[in-house]
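1. Provided below are the primary sequence and the corresponding predicted coordinates.
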Amino acid sequence: MNEVISKLSEIEAAAEQIMNDTADKKKLLSEEIESKTAAFDKQAAEHTKDILLELQASMKEDMKEKTNKLQQKRADAFRKLEADYDQKHSFYAHELFNDLLKRQS
C-alpha cells in the first residue's frame, strides 16, 4: 500500500512538474509572440508611413504638373485673345459703336 501511495506521489509530482514546465513555456511563448507582434506592428507602421510619404510626394508632383499645364493653357488663351484683339480691335469697336447706335434709335 505504501508503495502505491509512493508511486501516486511520484506521479503527482511529475504531473505538477509538467504543469509548471508547460506554464513556463506558455509564458515564454506568449512573450515571444508579443515581441514579434510589436516588431511586426512597428515595421507595418513604418512601411505604411513610407508608402504614404511616397504617395503624397507623387500626388504633389502630379498637382504641380497639372497646375503648370493649366497656367500654360491660360497664358496661351490670353495671348490668343490679345492677338485677336490686336488684329480686330477696330472691327470690334466699329461693331460695338453700331450696336450702341441701334439701341439708341
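-> Now that the structure is in, tell me what you want to look at.

2. List the contacts of stretch 50-58.
-> Outside stretch 50-58, not one residue touches it by C-beta atoms under 8 Å, 6 or more residues apart in numbering. Every C-beta, even on glycine, is put in place using the N, C-alpha and C of the backbone.

3. mean confidence for it?
-> For stretch 50-58, mean pLDDT is 98.

4. With only the CA atoms kept, save it in PDB.
-> Provided in PDB are the C-alpha atoms of stretch 50-58 (Å, rounded to 0.1, in the frame of the first residue of the first chain):
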ATOM      1  CA  ASP A  50       6.900  55.300 -46.200                       C
ATOM      2  CA  ILE A  51       4.200  54.400 -48.700                       C
ATOM      3  CA  LEU A  52       2.100  57.400 -47.700                       C
ATOM      4  CA  LEU A  53       5.000  59.700 -48.000                       C
ATOM      5  CA  GLU A  54       5.800  58.400 -51.500                       C
ATOM      6  CA  LEU A  55       2.100  58.700 -52.500                       C
ATOM      7  CA  GLN A  56       2.000  62.300 -51.100                       C
ATOM      8  CA  ALA A  57       5.100  63.300 -53.000                       C
ATOM      9  CA  SER A  58       3.800  61.700 -56.200                       C
END
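
5. Pull out the buried positions in it.
-> Judged by neighbour count (16 or more other C-beta atoms under 10 Å), stretch 50-58 contains no buried residues.

6. which intervals of this structure have sub-threshold pLDDT?
-> Residues of the chain meeting the criterion pLDDT under 70: 105.

7. Where do the helices of it begin and end?
-> 2-104 (DSSP state H).

8. residue closest to the middle of this protein?
-> The centroid of the chain falls nearest to Leu52 when counting by C-alpha atoms, centre = their mean (3.7 Å).

9. Now for Leu100, how many residues are close by?
-> 9 (other C-beta atoms under 10 Å).

10. So what touches stretch 2-9?
-> Against stretch 2-9 from outside (C-beta under 8 Å, 6+ apart): no residues.
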